[in-house]
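Asker: Provide a 3D model corresponding to the input given below.
(one chain, ligands or ions: 2)
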Amino acid sequence: MLEVGYLHIDNPIAIISSYNQPTSNNAAGLFLLDGFDLDEVPLAKMEDCLADRKRRGKKGAFGLSATCSQDEPLLEAARLASRNLCLLDLRLPKIRDQKRLLQLIPNLKRCGVTLSLRIRPEDLSNDLLQKLNETDLDMIHLDLRGLNGAGPRMVKKAADSRGAVIMALADIGEFEDAKDLLAMGADMVSLRGADPEFAEWLSGAMKEYDSMSGWCNAPKHICAGGDLRGLAYCCPPVKHCAVLGALKKARMTPDEFVERKLRLARGTPLEKGEGTCFGSLVWCCKITKPCYLRDAVLARMGLSEKEYMRLKKRLSEDLLR
Ligand code: SF4
Ligand code: SF4
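Answerer: Ligands and ions are numbered 1, 2, ... in the order given. Just a heads-up that it's a prediction; the model follows:
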């Protein structure tokens, strides 16, 4: 379960559908209605969509995606979204107008809304990313469509800035496409125009994968190109390897890293690990990396692979907090 503002999102798949041709949305973690260009569509249309949803008894996290050349209609939309506890997904025609964007976000947030910003990676400079992370923006919705292989790298850049929740909008054709984005730090993956049956299947498959694995968006190892969450698998920084660069990014010295990991493991099953490379599971690798030493310790302790990964997930959250 992902908590973003007042939203409770029970799986990491979001489905985006045009407001005038909504598709089915029974299993998605988040259902987003797109296309509210408030220069042309009256706010009443949004209200109708919300009323219709209520009438049909639809449950689950819901959002409205809006754009406008003027601020006032967007503020109205934010108040409406806030009253109905739904996400407002902001799209601006000229995202390069940073001044307007950086003034608008705090004004929208003052309406009490849970807010995401849909943005193309070419518009998301390092400077803008840092400034967005200084606002109360809840979610960065990265539109990666058409980028093919470059998408995961963009996700990692945004995720490693440790700011808002990351949702990646991408061309998803199979389970692995979504899993690759999640493994690079996306908290959610969104699909637009996907076959409703496929979208529903993917949401269900992701839920099942999470309940089986214990961490559905588990990162890769840092040395395999993973995002900073992968520090949860790193060994003590005793040799020259990618961990040093990752620690720099995380603004942690090697000594702090060792101290923090040991402290966070204290009193948890990760503290144990006699017979492993560094004597404690807190330094051990991802469960998908075969290792008979670690597996022997898990077996002795009666700790399942899923529970081990849950503990690593919590460790990564606490480490980067
Ligand atoms: S510390 Fe170990 S897991 Fe981490 S980057 Fe270095 S070799 Fe890879
Ligand atoms: S014991 Fe196995 S899992 Fe643990 S650090 Fe060594 S190689 Fe990795």
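
Asker: tally of neighbours for the closest residue to residue 85 other than its chain neighbours?
Answerer: In space, and not counting its chain neighbours, residue 85 is closest to residue 6: 5.1 Å by C-beta to C-beta, 6 or more residues apart in numbering. For every residue, glycine as well, the C-beta is placed using N, CA and C. Residue 6 has 14 neighbouring residues, counting by other C-beta atoms under 10 Å.

Asker: Quick check on residue 6: phi, psi?
Answerer: With angles defined as degrees, to the nearest 10, residue 6 sits at phi -90, psi 10.

Asker: what does residue 188 give?
Answerer: phi -140, psi 160.

Asker: In contact with it, which residues?
Answerer: Applying C-beta atoms under 8 Å, 6 or more residues apart in numbering to residue 188 gives the contacts 2, 9, 12, 13, 14, 29, 30, 165, 166, 167, 168.

Asker: Let me know the closest of the residues you listed to residue 125.
Answerer: Set against residue 125, the nearest of the contacts of residue 188 by C-beta to C-beta is residue 166 (16.3 Å).

Asker: Quickly note the distance from residue 41 to residue 64.
Answerer: Applying C-beta to C-beta, to the nearest Å, the value for residue 41 to residue 64 is 11 Å.

Asker: who touches both of these two?
Answerer: Listed as contacting both residue 41 and residue 64 by C-beta under 8 Å, 6+ apart are residue 19.

Asker: Settle it for me: which of these two has more neighbours?
Answerer: Neighbour count, other C-beta under 10 Å: between residue 41 and residue 64, residue 64 has more, with 23 against 17.

Asker: Next, residue 117: secondary structure please.
Answerer: Recorded secondary structure, residue 117: strand (DSSP: H, G, I helix; E, B strand; the rest coil).

Asker: So what pairs up with it in the strands?
Answerer: residue 90, residue 140 (DSSP bridges).

Asker: For the residue of the chain most remote from its centre, which non-adjacent residue is spatially closest?
Answerer: Residue farthest from the centre of the chain, counting by C-alpha atoms, centre = their mean, is residue 275 at 35.4 Å. Nearest non-adjacent residue to residue 275, counting by C-beta to C-beta, 6+ apart: residue 293, 5.7 Å away.

Asker: Which parts of the stretch 101-250 of the chain are helices?
Answerer: 126-133, 151-160, 175-183, 196-213, 243-249 (DSSP state H, counting those that start in this stretch).

Asker: mind saving the C-alpha coords of the longest one as CSV?
Answerer: When you say that, I think you mean helix 196-213. C-alpha atoms of helix 196-213 as CSV (Å, rounded to 0.1, in the frame of the first residue of the first chain):
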residue,chain,number,x,y,z
PRO,A,196,-8.2,-2.6,-20.4
GLU,A,197,-7.9,-6.3,-20.0
PHE,A,198,-4.1,-6.1,-20.1
ALA,A,199,-4.1,-3.2,-17.6
GLU,A,200,-6.3,-5.1,-15.3
TRP,A,201,-4.2,-8.2,-15.6
LEU,A,202,-1.0,-6.2,-14.9
SER,A,203,-2.5,-4.6,-11.7
GLY,A,204,-3.4,-8.1,-10.4
ALA,A,205,0.0,-9.6,-11.4
MET,A,206,1.8,-6.7,-9.6
LYS,A,207,-0.2,-7.2,-6.4
GLU,A,208,0.5,-10.9,-6.5
TYR,A,209,4.2,-10.3,-7.2
ASP,A,210,4.4,-7.9,-4.2
SER,A,211,2.7,-10.4,-1.8
MET,A,212,5.1,-13.1,-3.0
SER,A,213,8.3,-11.2,-3.1
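
Asker: Tell me how far it lies from the chain's centre.
Answerer: In this view, helix 196-213 has its centroid 16 Å away from the chain centroid, taken as C-alpha atoms, centre = their mean, to the nearest Å.

Asker: follow-up on the earlier one: quick one: which of the contacts of residue 188 is most hemmed in?
Answerer: Neighbour max across the contacts of residue 188 (other C-beta under 10 Å) = residue 168, 31 neighbours.

Asker: mind checking pLDDT for that residue?
Answerer: Residue 168 is assigned 96 on the pLDDT scale.
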